[in-house]
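> got a structure for you, letters missing:
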């Protein structure tokens with residue numbers, strides 16, 4: 001660690017160990033997490049907070065999620081995973097609402113944790129921003145002083161001593177004398193003044209802070225005082241510097257702070273005689289290696305916990321999907337078996353009552369004829385009527401003569417149905433098709449037609465042209481009624497001996513459209529010309545339909 005960094009470290013740990021007042025928990029994992037923290041089982045607490053977070057997510061409790069992520073970030077920072085702590089803390093900001101006063105204390109604690117991680121990563125500009133936010137959201141006077149002290153320490157690291165001294169003085173004005181908080185701020189202020197002016201004598205302030213801390217048995221504060229005194233005397237009185245460095249080393253072992261032990265050893269090694277320095281250097285190497293190993297282990301451990309959590313979530317969803325798929329398969333099997341039994345039963349009845357079945361067959365033939373004409377009325381007349389309605393709705397200056405022409409066209413279509421006449425000729429089919437598609441456009445719906453050329457249609461039969469027209473008319477009517485789309489694309493291509501039509505719109509998708517006879521009719525019509533039609537059902541929104549038939 002660099003010179004003069006001990007004070008910042010003390011404040012970091014004193015802040016990170018401070019817990020936000022716990023709100024009423026809504027799940028058992030949250031309670032278990034706090035219990036594990038009280039028992040100093042940080043890794044287990046992290047796991048329980050992660051489980052609690054997932055339960056809060058399920059219950060749509062944004063504050064609960066934010067609290068869990070905030071505490072997870074603090075645990076990661078305390079165990080040396082600063083990058084992971086930053087990632088978790090920034091994620092917490094997505095769930096803690098800045099406009100909600102109930103979230104204020106959690107926001108301030110989370111910003112303070114982000115500031116601590118930024119200092120550890122030497123991202124001082126980010127630390128200034130995070131600590132400033134921590135101060136702004138704080139509703140507790142003591143917290144505000146702690147966060148302000150941290151902010152002053154960052155300015156000190158930047159060597160902006162004037163700004164640091166200004167903040168320390170502001171805190172001192174609001175702090176009663178002769179308490180731990182006063183000792184900390186006054187010691188920091190004196191240390192900063194000495195850094196700014198090497199001729200300044202900070203010893204009286206250091207000694208006063210040391211006396212307060214000794215009286216209050218503030219072990220962390222004593223550790224800080226010994227660090228300040230050792231730094232001050234290093235180039236003035238080496239014997240005094242050695243004495244205070246040794247006291248710092250003992251104090252850091254008492255508070256079980258490996259970082260402070262390393263800093264104390266860094267002060268002792270150049271001050272001690274050669275023999276003692278060698279012993280201290282060996283201790284320093286072992287301690288530093290152990291600390292780095294422990295922090296690397298913590299980083300890997302937290303990453304593994306997150307990986308296992310996401311993996312278990314994915315496995316659960318996959319198992320659920322597979323279970324649903326198996327259930328659907330079983331239902332289909334039973335359904336198929338039921339159909340088979342019904343079919344066998346109907347066949348048996350038909351065989352026993354042939355004469356009656358023949359009469360029913362005649363009636364069925366009549367009914368099929370009726371359905372045939374009903375289908376034609378739906379496809380040709382009803383869709384044409386809807387097309388005209390769409391034009392009337394979207395074309396403001398549609399004249400009376402034009403409207404009468406369109407009604408006459410509907411009349412001609414109705415008459416042609418009764419005479420079984422074909423509608424479309426190859427020479428003008430392209431124009432008729434484009435006109436029909438464009439008629440469904442409006443200010444809100446844009447129609448894009450690509451590749452509709454005469455070369456595609458000149459080799460097609462009357463039946464193919466009729467069916468293609470009716471299929472696309474049905475799709476456009478369906479789009480207008482149900483899809484809520486504002487962009488529609490119809491692309492025509494000719495590949496080898498096949499005509500391919502690709503229909504796309506950006507509406508709500510086929511999954512959200514109730515099944516209608518119209519869409520089923522498109523499949524029947526496609527089969528009638530030996531073609532295929534596929535609906536893309538893998539996406540929740542948008543509709544993609546591909547049609548292909550041979551020339």
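Okay, I see it. Predicted model, so just to flag it, every value in this text is computed and none were measured.
> below-threshold pLDDT in the stretch 101-250 of the chain: ranges please.
Low-confidence segments of the stretch 101-250 of the chain (pLDDT under 70): none present.
> can you give me the helices for it?
104-120, 124-137, 141-157, 161-173, 180-196, 203-216, 219-233, 238-254 (DSSP state H, counting those that start in this stretch).
> got those as JSON lines, with mean neighbour count and distance to residue 34 columns?
Just so you know, the C-beta spots here come from the backbone N, C-alpha and C atoms, and that holds for glycine as well. Listed next are the helices of the stretch 101-250 of the chain as JSON lines, based on neighbours: other CB atoms under 10 Å; distance: least, CB to CB, whole Å:
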{"stretch": "helix 104-120", "mean neighbour count": "26", "distance to residue 34": "14"}
{"stretch": "helix 124-137", "mean neighbour count": "20", "distance to residue 34": "22"}
{"stretch": "helix 141-157", "mean neighbour count": "22", "distance to residue 34": "19"}
{"stretch": "helix 161-173", "mean neighbour count": "17", "distance to residue 34": "31"}
{"stretch": "helix 180-196", "mean neighbour count": "22", "distance to residue 34": "26"}
{"stretch": "helix 203-216", "mean neighbour count": "18", "distance to residue 34": "28"}
{"stretch": "helix 219-233", "mean neighbour count": "24", "distance to residue 34": "23"}
{"stretch": "helix 238-254", "mean neighbour count": "19", "distance to residue 34": "27"}
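> these: which one's closest to residue 453?
Evaluated over the helices of the stretch 101-250 of the chain, closeness to residue 453 peaks at helix 124-137, with 60.1 Å, by CB to CB.
> show residues contacting that closest one.
Applying CB atoms under 8 Å, 6 or more residues apart in numbering, the external contacts of helix 124-137 come out as 98, 104-105, 107-109, 111-112, 114-115, 118-119, 143-144, 147-148, 150-151, 154-155, 157-158.
> about what we covered before: ok, which of the helices of the stretch 101-250 of the chain comes nearest residue 524?
Comparing the helices of the stretch 101-250 of the chain by their distance to residue 524 (CB to CB), the top pick is helix 104-120, with 61.1 Å.
> tell me the helices and strands packed up against the closest one.
Applying 3 or more CB pairs under 8 Å, 6 or more residues apart in numbering; DSSP states H and E, one finds that helix 104-120 makes contact with helix 6-17, helix 62-78, helix 82-92, helix 124-137, helix 141-157.
> out of those helices, nearest to residue 47?
Per CB to CB, nearest to residue 47 of the helices and strands packed on helix 104-120: helix 62-78, 9.6 Å.
> ok now that closest one, how far from the chain's centre?
17 Å (CA atoms, centre = their mean, to the nearest Å).
> next: stretch 85-93.
Between the centre of stretch 85-93 and the centre of its chain there are 13 Å (CA atoms, centre = their mean).
> show me what counts as buried in that stretch.
85, 86, 87, 88, 89, 91, 92, 93 (16 or more other CB atoms under 10 Å).
> now render those residues as TSV, adding pLDDT and distance to residue 324.
What follows is the buried residues of stretch 85-93, written out as TSV (pLDDT from 0 to 100; distance: CB to CB, whole Å):
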residue	pLDDT	distance to residue 324
85	89	39
86	88	39
87	90	34
88	91	33
89	91	37
91	92	31
92	91	34
93	91	36
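> closest one of these to residue 470?
Using CB to CB, the buried residues of stretch 85-93 come closest to residue 470 at residue 91, 53.7 Å.
> for the closest one, which non-adjacent residue is closest in space?
Leaving aside its sequence neighbours, residue 91 sits nearest to residue 69 (CB to CB, 6 or more residues apart in numbering; 5.4 Å).
> any idea which helix or strand in the chain has the lowest mean pLDDT?
helix 6-17 (a mean of 36; mean pLDDT, DSSP states H and E).
> next secondary structure element downstream of that one?
helix 28-38 (DSSP states H and E).
> I'd like the distance from the most far-flung residue of the chain relative to its centre to residue 492, if you could.
Residue farthest from the centre of the chain, counting by CA atoms, centre = their mean, is residue 355 at 68.1 Å. Residue 355 sits 52 Å away from residue 492, going by CB to CB, to the nearest Å.
> for residue 31, same thing?
In this view, residue 31 and residue 492 are 65 Å apart by CB to CB.
> next one: residue 529
From residue 529 to residue 492 the distance is 15 Å (CB to CB).
> kindly report the same for residue 509.
Distance, residue 509 to residue 492, using CB to CB: 23 Å.
> which helix or strand contains residue 344?
For residue 344, the element it lies in under DSSP H and E is helix 274-352.
> now do residue 493
Residue 493 belongs to strand 487-495 when assigned by DSSP H and E.
> what's that strand packed up against?
Strand 487-495 packs on strand 446-450, helix 454-457, strand 498-505, going by 3+ CB pairs under 8 Å, 6+ apart.
> could you list the buried residues of that strand?
Buried residues in strand 487-495, counted by 16+ other CB under 10 Å: 488, 490, 492.
> the last one against residue 453, yeah?
So that's residue 492. Yes. The pair residue 492 / residue 453 is scored as a contact, 7.3 Å apart, by CB atoms under 8 Å.
> now do the shared contacts for those two.
Between them, residue 492 and residue 453 share no contacting residue, judged by CB under 8 Å, 6+ apart.
> for the stretch 451-551 of the chain, which spans come out with low pLDDT?
Looking at the stretch 451-551 of the chain by pLDDT under 70, you get 512-518, 537-540.
> the closest residue to residue 154 other than its chain neighbours and residue 163: what is the separation?
Nearest residue to residue 154, sequence neighbours excluded (CB to CB, 6+ apart): residue 127, at 4.8 Å. Distance of residue 127 to residue 163, computed by CB to CB: 14 Å.
> outline the domain layout of this structure.
1-174, 176-271, 358-550 (automatic domain parsing).
> can I get those in TSV with distance to residue 293?
Shown next, in TSV, are the domains of the chain (distance: least, CB to CB, whole Å):
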stretch	distance to residue 293
domain 1-174	10
domain 176-271	11
domain 358-550	48
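> any idea which of these gets closest to residue 283?
Judging the domains of the chain by CB to CB, what sits closest to residue 283 is domain 176-271, at 6.3 Å.
> end to end, how far does that closest one reach?
One end of domain 176-271 sits 37 Å from the other (CA to CA, to the nearest Å).
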